[in-house]
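Chemist: Provided below for reference: sequence and predicted model.
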Amino acid sequence: KGRTRGPVFVTHRRPGPGKVVSPRDLCPDTRFARLSYGQARALLDEHTAVGGTPGTGGDLHEWRHSSLTHLGEAGASLLMLMTKSRHKKPENVRRYFHPSAEAIAEVTSLLAPGNSRR
């Protein structure tokens, strides 16, 4: 709805006066609060359900993983994927890391004789 910054999924109202919310969990323009993961998951499923059948819609966890796959295919490094996904162990994010043939060739060229970058 025209917002260009802040959380992607927000509530339809501002937090109450007694509610302490981190500034990063508030839209800087509307001051609406970020939806919880559970609320966002339920809304996504509700609005993307196949034939109106609950449990058949989109899944936030799948979207997260597909975004990591797209970043990996675009050449993002394993370290950047780990930083973006907040994974602590490389083996947990490695499945999304698919270096291109060009990236492998570039790294291999660093070992070439006469390479001034060595």
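Modeler: Ah, there it is. Numbers count the residues shown, from 1 in each chain.

Chemist: And the lengthiest helix in the chain, what does it pack against?
Modeler: In terms of residue count, the longest helix belonging to the chain (DSSP state H) is helix 60-73. Taking 3 or more C-beta pairs under 8 Å, 6 or more residues apart in numbering; DSSP states H and E as contact, the helices and strands that helix 60-73 lies on are helix 37-48, helix 78-85. To be clear about C-beta, it is placed using only N, CA and C from the backbone, and glycine gets the same treatment.

Chemist: Could you export those as CSV, including distance to residue 107 and mean pLDDT?
Modeler: Written out in CSV, the entries for these read as follows (distance: least, C-beta to C-beta, whole Å; pLDDT from 0 to 100):
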stretch, distance to residue 107, mean pLDDT
helix 37-48, 37, 84
helix 78-85, 12, 89
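
Chemist: Just send those helices back as JSON lines, with distance to residue 23 too.
Modeler: As requested, these are exported to JSON lines (distance: least, C-beta to C-beta, whole Å):
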{"stretch": "helix 37-48", "distance to residue 23": "19"}
{"stretch": "helix 78-85", "distance to residue 23": "21"}
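
Chemist: Name the residue closest to the centre of the protein, please.
Modeler: Of all residues in the chain, the one closest to the mean position by C-alpha atoms, centre = their mean is residue 64, 4.8 Å from it.

Chemist: Next, find the distance separating the closest residue to that one other than its chain neighbours from residue 39.
Modeler: By the measure of C-beta to C-beta, 6 or more residues apart in numbering, the closest residue to residue 64 outside its immediate chain neighbours is residue 85, 7.3 Å from it. Distance from residue 85 to residue 39, counting by C-beta to C-beta, to the nearest Å: 21 Å.

Chemist: hang on, the earlier thing: got the angle between the longest helix of the chain and helix 78-85?
Modeler: Following axes from the mean of the first three to the mean of the last three C-alpha atoms, to 10 degrees, one obtains 160 degrees for the angle between helix 60-73 and helix 78-85.

Chemist: What lies in contact with helix 60-73?
Modeler: Taking C-beta atoms under 8 Å, 6 or more residues apart in numbering as the criterion, the residues outside helix 60-73 that touch it are 37, 40-41, 44, 80-81, 84-85, 93, 96-100.
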